[in-house]
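> Need coordinates for the following:
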Amino acid sequence: MNKLVRLFGVTVLFVVNLISYSSYANNRASIPVLTQEAQHATVSKRIVNRLLSSHFIHFELDNALSQRIFNRYLDLLDYRRDIFTAQDITSFARYQNSLDDELKTGLLNSVYIMYNAMLKKHIERYEYALSLLKNNESLTFDDDSYIEVDRSKAPWPQNRDELNILWQKRIKFDALNLKLANKDPKQIKSMLIKRYESRLLRLRKTKSEDVFQTFMNAFTQELDPHTSYLSPKYTEDFNVAMRLSFSGIGATLQATADNIQINALIPGGPAARSKQLNVGDQIIGVAEGNKAIVDVIGWELNDVVALIKGPRGTKVRLEILPAGKGTKTKIVTITRDIIKLEDSKAKKNIKTVGTQKIAVITIPSFYQGVSNDLLALVQQLPKDNVSGVIVDLRSNGGGELAEVIRLSGIFAPQGPIVQVKLSDDKTVNVLSNGKTPETTNNSNVTYLGPMVVLVDRLSASASEIFAAAMQDYGRAIIIGETTFGKGTVQSATSLQRQFDWLLHPEWQEFGSLLYTNEKFYRINGGSTQLKGVEPDIKMSSIKSFMELGEKYEHNPLPWDSISAANYKKLGDISKVLPILIEHHQARIANDPEFHAIQEDINFFIEQKKRKVLSLNYVKRKQESDENEKLALKRLNERMTRLGKKKLKSLDELPKDYQLPDPWMEETVKILLELIGLQKT
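A predicted model of the protein is given here:
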């Protein structure tokens, strides 16, 4: 990257080359001792200088920040707190006030000491787990033992004996999950040995760049969650993603404690088109075509992504543990395709209800040229003879600021759209649409009729700018879930200089830096940061209760406000809104689909409250069976309403079965009522 790239909401999917794994039994290499590479001192100083001069927040690189970086680094090294002991942490304490000085000089001695200690102890832990399995340690699942769901805030174990107990429970947990997936004892043992050996081999292949990247991101994440150092490999993948052209399934993934979770589905991509994957689903196995499924539990995110990627037109099979559905897995086959976000263009669908027509305009992202595409769709509305418009921004993660400003001008022709505060903390630019963009025949195109905007928890960044502007102008009713809450802007810059390779040909490639340098605000002065956009009419889903959103990120920038821009409201929904809410609530109270949604929400909330998870097979199997029975019961109730034959099991469900969209159906009803109220 030779110039700065402004980022407003692009979700980047990083990929790495897949390591070819051989048998650990034949490759017990010595534990690596990693040291800093020559170029890292220079890279460290350049990162520090750029962030001190250009980051949105003004910070001091002092002992107070050093202590926070120290704690964050420990969390990244041992997030489950089952590798280090309390004695290890005490021995590291002498470094907590020196990390700021090491960043300034670029000599990261203590950083590598701590990482090497983690690597040695992590390898020891997996060797201990393998020793239990290979010595035919029996695993029983009939007692009342349990495992902690989240140990990120738990105290570090006092000694090796306590560590051993934690790992014995971890082995039992992994084995029980395989037993619940109908694996026999021989398969369970074989799969766990292979899983742990694979992880050991991966640990032994750790490189110096991995240490540098981990620590640098411990530093950058103490500024804000969207500032990060990208290694040379990640920089390459970032550039591929920014070109919006790569071959895969069209899903962004996130690493959880042990598994890989689907964080978003790219609209129009193979995963979204399959209708078989959802946000929150966990990928526990991957297979190329008809080959045997590879167990990927415990794998690094990059290795799983590399396994899923592949040539266009080829098939990949995923073993999925559905979000909040117990322990029953399913196999999903996806045909890979070239992912181009430009191909996921804005679309229009006309819904006819009685004598009225509603235009549903779906905007998957604010890609370059989306405003022109939308102009073409809006230009057709008079011919379509529609009574109102729904703008669907669900799962729209954002995009280009210029596009959302131009697009907003189609619905609010004059006036400001968003305010942007620069990193000097003084300059505020009010960005207005000015004139409505012109079509090819030079005629202005606007739509000023009845309108609602449908959002969800994954509507972020530029989507929030649009929804907030329509809400502040009184131009549209916002329906759905509170949005993501990302109100910051990032820039990307290369850390490489023109003559580095000439002066130091022995140095490895440099990476790049992604950093927050601006913050945007609504035209009413409030920020979308943390709070997002609150809908006028709320419709929840499980996503509302997942840890999705800026407020769940580590160390997000705070919410604040500035002076309102000079704008004039275009409408007032205050008189009709109470009526719409009352009738909406009455409808969904008798809607079986919304009953099912609320049941799922209640179940998910109860699952979140769990501090521990049973390691008793009978209890866990009963839970799984009950979840499956409930899913079949709901499905057959739906089949009955549609006049179709009931299913005997979930396996009979047709692959082309389309789940209903009760949120959209209810939004259509709200808009139709709004149209009627506006007429009277």
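> what's the single longest strand in the protein?
As assigned by DSSP state E, the longest strand anywhere in the chain is strand 512-521.
> Could you point out the helix or strand that follows that strand?
Going down the chain from strand 512-521, the next helix or strand is strand 537-538, by DSSP states H and E.
> Now residue 96. Its backbone dihedrals?
phi -70, psi -20 (degrees, to the nearest 10).
> Could you give the number of residues near it?
As a burial measure, residue 96 scores 17 neighbours (other C-beta atoms under 10 Å). Backbone N, C-alpha and C define where each C-beta goes, glycine included.
> for the stretch 1-150 of the chain, which spans come out with low pLDDT?
1-29, 137 (pLDDT under 70).
> go with 50
1-28 (pLDDT under 50).
> name the helices or strands packed onto the longest strand of the chain?
helix 40-54, strand 228-230, helix 232-242, strand 416-422, strand 488-494 (3 or more C-beta pairs under 8 Å, 6 or more residues apart in numbering; DSSP states H and E).
> So which of those is nearest residue 82?
strand 228-230 (25.9 Å; C-beta to C-beta).
> Which other helices and strands does that closest one contact?
helix 208-220, strand 512-521.
> in its sheet, what does that strand sit against?
The pairing partners recorded for strand 228-230 under DSSP bridges are strand 512-521 (antiparallel).
> Output the partner strand as PDB, restricted to C-alpha atoms.
Output of strand 512-521 as PDB, limited to C-alpha atoms (Å, rounded to 0.1, in the frame of the first residue of the first chain):
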ATOM      1  CA  SER A 512       1.600  -2.500   7.500                       C
ATOM      2  CA  LEU A 513      -0.400  -0.600  10.100                       C
ATOM      3  CA  LEU A 514      -4.100  -0.100  10.300                       C
ATOM      4  CA  TYR A 515      -5.000   2.700  12.700                       C
ATOM      5  CA  THR A 516      -8.000   4.800  13.800                       C
ATOM      6  CA  ASN A 517      -7.700   8.500  12.900                       C
ATOM      7  CA  GLU A 518     -11.200   9.800  12.600                       C
ATOM      8  CA  LYS A 519     -14.600   9.500  14.300                       C
ATOM      9  CA  PHE A 520     -18.000  10.200  12.800                       C
ATOM     10  CA  TYR A 521     -21.100  11.700  14.400                       C
END
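> Give me the distance between that strand and the centre of its chain.
Computed by C-alpha atoms, centre = their mean, to the nearest Å, the chain-centroid distance of strand 512-521 equals 18 Å.
> follow-up on the earlier one: looking at the helices and strands packed on strand 512-521, which one is packed in the most?
Among these, ranked by average contacts under mean count of other C-beta atoms under 10 Å, first place goes to strand 228-230 (a mean of 24).
> Same list, the helices and strands packed on strand 512-521, but as a markdown table with distance to residue 602 please.
As requested, the helices and strands packed on strand 512-521 are exported to a markdown table (distance: least, C-beta to C-beta, whole Å):
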| stretch | distance to residue 602 |
| --- | --- |
| helix 40-54 | 44 |
| strand 228-230 | 36 |
| helix 232-242 | 37 |
| strand 416-422 | 37 |
| strand 488-494 | 34 |
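> closest one to residue 178 among those?
With C-beta to C-beta as the criterion, residue 178 lies closest to helix 232-242 of these, at 32.1 Å.
> Now do that closest one, average pLDDT.
The average pLDDT for helix 232-242 rounds to 62.
> same thing with stretch 591-600?
Across stretch 591-600, pLDDT averages out at 94.
> then that stretch to PDB, C-alphas only?
Presented in PDB, the C-alpha positions along stretch 591-600 are these (Å, rounded to 0.1, in the frame of the first residue of the first chain):
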ATOM      1  CA  ASP A 591     -47.300 -15.000  15.400                       C
ATOM      2  CA  PRO A 592     -45.900 -18.600  15.800                       C
ATOM      3  CA  GLU A 593     -42.600 -17.500  14.100                       C
ATOM      4  CA  PHE A 594     -42.000 -14.800  16.600                       C
ATOM      5  CA  HIS A 595     -42.900 -17.200  19.400                       C
ATOM      6  CA  ALA A 596     -40.200 -19.500  18.100                       C
ATOM      7  CA  ILE A 597     -37.700 -16.600  17.900                       C
ATOM      8  CA  GLN A 598     -38.500 -15.700  21.500                       C
ATOM      9  CA  GLU A 599     -38.000 -19.300  22.600                       C
ATOM     10  CA  ASP A 600     -34.600 -19.400  20.900                       C
END
